[in-house]
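**Student:** give me a 3D structure for the following:
(2 chains)
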2 protein chains.
Amino acid sequence: MNRRIKLTIEYDGTNYAGWQVQPNAVTIQEKIENALYQVTRSDIRIHGAGRTDAGVHALAQTAHFDTEARIPSENFAAALNTFLPDDIRIIESKQVPDDFHARYLAKGKVYRYTIYNRACASALLRDTTCYVRESLDTELMNEAALQFIGVHDFSAFCAVKSSVENKVRMILRAEVKADLPLITFTVAGNGFLYNMVRIMAGTLIDVGRGKISSTDVKAIIETKDRTRAPFTAPPQGLALKAVLYKKKDEML
Amino acid sequence: MNRRIKLTIEYDGTNYAGWQVQPNAVTIQEKIENALYQVTRSDIRIHGAGRTDAGVHALAQTAHFDTEARIPSENFAAALNTFLPDDIRIIESKQVPDDFHARYLAKGKVYRYTIYNRACASALLRDTTCYVRESLDTELMNEAALQFIGVHDFSAFCAVKSSVENKVRMILRAEVKADLPLITFTVAGNGFLYNMVRIMAGTLIDVGRGKISSTDVKAIIETKDRTRAPFTAPPQGLALKAVLYKKKDEML
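**Tutor:** Predicted coordinates for the structure are as follows:
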């Protein structure tokens, strides 16, 4: 009997060319599909909630697949982990209705971008934070983050190479918290454009440096012009924290 | 003019055979001495506050060395970092009196042992935490940790291969805090025996599992017999948090 299984996945993206299968590069999706072959002896395609770029991490990425293998749904996690490298862990596997879709039914996502703000870079957190040497004003950064909240055309916060037409997204939560030397930017929305969170993070870093103001951020959003937004912050600071399927309340 | 310089060092011990220089293995001390040669063009020996084992980390290890190089003391940090791999960072360099000694003058050390307690191991924190699957009772663990406080002969908490004669040490602080899935054991004392914190951590994990009680921990200390203490917890959960040179108050 065919079943649809949902996976929740944590990964350290440092050693991968991102989530999505691609030629001549090792990806997280590929590693999981290979493990799924080992477990089921069938070629099974998995469908992720979204792609993450090279070097980007996930605390709880989600994906689904269909299988006829006679393995209890909850046991796929442990079985797959046996064949996966230790920088990819299936936290949970469970059966979902046949019409569930990890990508199309996702109501929102939560991302976390972490900055390491000290005179010297961190040895221990070098692969999971973005290092910024100059002292950042986190109150200004948090004030600027509020500008992202609401329904906006985020064209100014989308990588030029994106082919998506509709760039309107709804941001429900955007906040900056400081626990120095760590500064965390958490953002939740109904969807994100290519490189959107990293461009937001780069923008907030420039606010923290005093190069631009909170009002400038509002103006940049309104220009809808990618060339107006500051740099794209590096991938290692970014982590997909959650994919939400139910109510918008989960995002707040 | 000869100067004595003190270094404060953060490192990720994952890829090293520990702190101390040894044949046929890459160590942190060796990497720093090599970088010091690049900077000064002299062979300089550095003296660490203490050794850390393979896989053990440091947030603030300390070391000193003597040099006649005409480099401002504060600039050694940045200069050395240029030649060091990014899993070793010199956080600070400063001149100290000629009679300062990183090891002999250390009044105490603070260690942190971190446990990842969840049904599934962590992909992101695999190299910096010790994974324990069974749910641990952290209140019992904290109660048991209190037994370590005070002046005790810690023979039961010292690796058999240690050649140290006097195994009496003073523990000023020992506590377990839970922020699940993370559980942190912090311990501060005037000195630590070989593997002492890792044996303490292994003991507390067995308390958390309900295998032994707080009273048993007291009894194990009193036996002064290494064979009576539980297992040695793995190195990756351990980090040297601070080396203290001034007052005992710093440890509390």
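
**Student:** residue contacts, residue A:72?
**Tutor:** For residue A:72, the contact set (C-beta atoms under 8 Å, 6 or more residues apart in numbering or on different chains) is empty. For the C-beta atoms, the positions are set from N, CA and C on the backbone; glycine is no exception.

**Student:** pull up the residues of chain A that are close to chain B.
**Tutor:** Within chain A, the positions adjacent to chain B are A:10-12, A:57, A:59, A:77, A:81, A:86-92, A:118-124, A:126, A:128, A:239 by C-beta under 8 Å from any C-beta of the partner chain.

**Student:** in strands, which of the residues you listed appear?
**Tutor:** The strands, defined by DSSP state E, take in A:10, A:11, A:57, A:59, A:88, A:89, A:90, A:91, A:92, A:239 from the residues of chain A next to chain B.

**Student:** Serialize those to a markdown table and add fields for neighbour count and pLDDT.
**Tutor:** Converted to a markdown table, those look like this (neighbours: other C-beta atoms under 10 Å in any protein chain shown; pLDDT from 0 to 100):
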| residue | neighbour count | pLDDT |
| --- | --- | --- |
| A:10 | 25 | 98 |
| A:11 | 27 | 98 |
| A:57 | 26 | 98 |
| A:59 | 19 | 98 |
| A:88 | 22 | 98 |
| A:89 | 22 | 98 |
| A:90 | 22 | 98 |
| A:91 | 20 | 97 |
| A:92 | 17 | 97 |
| A:239 | 25 | 98 |
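
**Student:** a markdown table for those, including distance to residue B:170?
**Tutor:** Below are these laid out as a markdown table (distance: C-beta to C-beta, whole Å):
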| residue | distance to residue B:170 |
| --- | --- |
| A:10 | 40 |
| A:11 | 43 |
| A:57 | 41 |
| A:59 | 40 |
| A:88 | 44 |
| A:89 | 40 |
| A:90 | 46 |
| A:91 | 42 |
| A:92 | 45 |
| A:239 | 41 |
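
**Student:** out of the residues you listed, flag the one nearest to residue B:159.
**Tutor:** Nearest to residue B:159, judged by C-beta to C-beta, of those is residue A:89 at 31.2 Å.

**Student:** with adjacent residues omitted, what lies nearest to that closest one?
**Tutor:** Once flanking residues are discounted, residue A:89 sits nearest to residue B:123: 4.4 Å by C-beta to C-beta, 6 or more residues apart in numbering or on different chains.

**Student:** what of residue A:65?
**Tutor:** residue A:46 is the one closest to residue A:65 (C-beta to C-beta, 6+ apart), at 4.4 Å.

**Student:** tell me where chain A has strands.
**Tutor:** Ranges of strands within chain A are A:3-11, A:47-48, A:57-67, A:88-96, A:108-117, A:130-132, A:150-153, A:168-179, A:182-189, A:238-244, based on DSSP E.

**Student:** where does pLDDT dip in the stretch 1-150 of chain A?
**Tutor:** By pLDDT under 70, the stretch 1-150 of chain A has no low-scoring segment.

**Student:** what is residue A:112 paired to in the beta sheet?
**Tutor:** For residue A:112, the beta-bridge partners under DSSP bridges are residue A:186, residue A:239.

**Student:** end to end, how far does stretch A:51-58 reach?
**Tutor:** Using C-alpha to C-alpha, to the nearest Å, the end-to-end distance of stretch A:51-58 comes to 10 Å.

**Student:** list the buried residues of that stretch.
**Tutor:** Buried positions in stretch A:51-58, judged by neighbour count with 16 or more other C-beta atoms under 10 Å in any protein chain shown: A:51, A:52, A:53, A:55, A:56, A:57, A:58.

**Student:** now do stretch A:165-173
**Tutor:** Judged by neighbour count (16+ other C-beta under 10 Å), stretch A:165-173 contains these buried residues: A:167, A:169, A:170, A:171, A:172.

**Student:** out of the strands of chain A, nearest to residue B:202?
**Tutor:** When the strands of chain A are compared by C-beta to C-beta, strand A:88-96 sits nearest residue B:202, at 23.5 Å.

**Student:** still on that earlier bit, is it possible to get TSV of the strands of chain A that adds distance to residue B:71?
**Tutor:** Putting these into TSV (distance: least, C-beta to C-beta, whole Å) gives the following:
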stretch	distance to residue B:71
strand A:3-11	42
strand A:47-48	51
strand A:57-67	38
strand A:88-96	44
strand A:108-117	26
strand A:130-132	24
strand A:150-153	51
strand A:168-179	33
strand A:182-189	31
strand A:238-244	37
